[in-house]
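[1] below is the structure, and that's it, no one-letter string:
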Ligand code: UGA
């Protein structure tokens, strides 16, 4: 393994790049590379997504992405196409940023990666470098190399560490860059594309690079499971988790990031990648019980939040109206994949509650009668704002930490509720302030 300072050793020259897939990873990656002065062609086969991009509309909610894309389109460093084959014409680097959904057994489904590699394989220019940006199991670089079947084409693992909601910031200013390949020179060339970031560059083999990505996400998930478990402990011993986390965070070895307790960790990455890593470990005959425990603990967290809502409704939610604020898996994204908020709302509905939901990213998506059409929201009643959601409810459950929930008029909320009660699964609100307004308040690990 080599660690380099990318600014000193990387070559900051303009390269031709194709990015396949304009999703949560591909789009910020393409925009960032174009911003750094590379000539980027972004291939997206979904027609409506492509049309949106061409008309300057971002298909995902992501702060600053529209400006970054607009700037690159204007300077002609970024253009879009429906054809992956067209995108790779003349491209020195081809980034595969296609989805890797979960198979039933917990393993990653590589069919999109495989078919993208197959589709472009013959069309790659001589000596092209293919980059696996999607999170893929250990050994995938070799698999892609075999699918392409060309000795002149090298495959490099370059995992992405950006977070949804701050993808642009994370892409422009990454903490580190990881590139892995059997051919260290190819790996270093990929690192050079991001020289402008000045981030430390870790050059290693593909297997190690692929492992780094899973180990990072699994660590974050385990950290959060620990934090949520400590919050549960705080409740039984009478400690306040916010002060406990302050006390932990000032220890530089622990740090302040990822110390916020919540309703459980979710999203399209942490749940999928922890299960995938557990699957990889099992297949290899390795007992990763620590990770299994973190996953189990996350399920317990969902159960605990549902129990808090039941307790707020005197033991049962059956026939009770419950207001849910927030559906996305975290704030500042429109992503509801593997969202603890959606899961908890669904469990409450399954227990017989009338669940009235509001989320800033879904309002207006559905008919005014509140009947939802999206599969994951079936059985929930969508409302246009937090007040409508709270109308007639016995409890408001804050499940996503949207900042705007802090600034709601709680006197008005109390006046429209059947009885003023809040379960704050994100510790977003000030307990003293809402209690003063007559609410009962239950947070996570807070007094
Ligand atoms: C995660 C990683 O943070 C990224 O580094 C990685 O690149 C990405 O997965 C990926 O593999 O593509 P992301 O899924 O966007 O990013 O979301 P996070 O910000 O990590 O949040 C994950 C979950 O943890 C969310 O449900 C969030 O609400 C929860 N969380 C996060 C907490 O409950 N408390 C915290 O303090 C932080």
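    Nice, I can see it. Worth saying up front: this structure is predicted, and the values here are computed from it rather than measured. Residues are numbered from 1 along each chain as shown.

[2] how about the residues of the stretch 101-250 of the chain by the ligand?
    135, 160, 161, 162, 163, 164, 217, 220, 224 (Cβ under 6 Å from any ligand atom). All C-beta spots, glycine's among them, are computed from the backbone N, C-alpha and C.

[3] list, one by one, the residues from the stretch 251-400 of the chain near the ligand.
    So far as Cβ under 6 Å from any ligand atom goes, the stretch 251-400 of the chain lies against the ligand at 258, 259, 260, 262, 265, 266, 267, 269, 270, 329, 330.

[4] now do the strands in the stretch 201-350 of the chain.
    321-325 (DSSP state E, counting those that start in this stretch).

[5] taking the residues of the stretch 251-400 of the chain next to the ligand together, which two end up most distant?
    Greatest spatial distance in these: 259 and 269, 18.8 Å, computed using Cβ to Cβ.

[6] compare these two (neighbour count), which wins?
    More neighbours surround residue 269 than the other of residue 259 and residue 269, with 25 against 19 (other Cβ atoms under 10 Å).

[7] what sits against the more buried one?
    By Cβ atoms under 8 Å, 6 or more residues apart in numbering, residue 269 lies in contact with 135, 217.

[8] give me the distance between it and residue 140.
    Relative to residue 140, residue 269 is positioned 16 Å away (Cβ to Cβ, to the nearest Å).

[9] can you get me a residue count around the closest residue to residue 184 other than its chain neighbours?
    Once flanking residues are discounted, residue 184 sits nearest to residue 203: 5.9 Å by Cβ to Cβ, 6 or more residues apart in numbering. Counted with other Cβ under 10 Å, residues neighbouring residue 203 total 23.

[10] so residue 203 sits against residue 187, correct?
    Yes. Using Cβ atoms under 8 Å, residue 203 is in contact with residue 187, at 5.0 Å.

[11] mutual contacts of the two, please.
    In terms of Cβ under 8 Å, 6+ apart, residue 203 and residue 187 are both contacted by the residues 179, 180.

[12] phi, psi of the one residue in the stretch 301-447 of the chain that gets nearest to the ligand?
    The stretch 301-447 of the chain approaches the ligand most closely through residue 330 (3.5 Å), counting by Cβ to the nearest ligand atom. When read as degrees, to the nearest 10, the backbone of residue 330 gives phi -160, psi 170.

[13] ok, it - how many residues close by?
    The tally of other residues near residue 330 (other Cβ under 10 Å) stands at 22.

[14] and it, how far from residue 267?
    7 Å.

[15] spit out the residues that contact these two alike.
    Common neighbours of residue 330 and residue 267 (criterion: Cβ under 8 Å, 6+ apart): residue 164.

[16] per-residue pLDDT of residue 4, please?
    Note for residue 4: predicted pLDDT of 69.

[17] give me the mean pLDDT for stretch 429-447.
    Stretch 429-447 carries an average pLDDT of 97.

[18] ok, and for it, which residues are buried?
    Along stretch 429-447, these residues count as buried under the neighbour rule (16 or more other Cβ atoms under 10 Å): 429, 431, 434, 439, 441, 442, 443, 444, 445, 446.

[19] narrow those residues to those in strands?
    Secondary structure from DSSP state E places 441, 442 of the buried residues of stretch 429-447 in strands.

[20] could you dump the buried residues of stretch 429-447 into CSV with distance to the ligand added?
    Listed next are these as CSV, based on distance: Cβ to the nearest ligand atom, whole Å:
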residue, distance to the ligand
429, 16
431, 19
434, 21
439, 23
441, 19
442, 17
443, 13
444, 9
445, 12
446, 15
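
[21] mind giving me the domain split of this structure?
    2-204, 296-442 (automatic domain parsing).

[22] so which of the ones you listed is nearest residue 279?
    Comparing these under Cβ to Cβ, the one sitting nearest is domain 2-204, at 3.9 Å.

[23] distance from the chain centre to the closest one, please.
    Centroid separation between domain 2-204 and its chain, computed with Cα atoms, centre = their mean, to the nearest Å, is 17 Å.

[24] end to end, how far does it reach?
    Domain 2-204 has an end-to-end distance of 7 Å (Cα to Cα, to the nearest Å).

[25] hmm, back to that, narrow the buried residues of stretch 429-447 to those in helices?
    Within the buried residues of stretch 429-447, residues falling in helices by DSSP state H are 431, 434.
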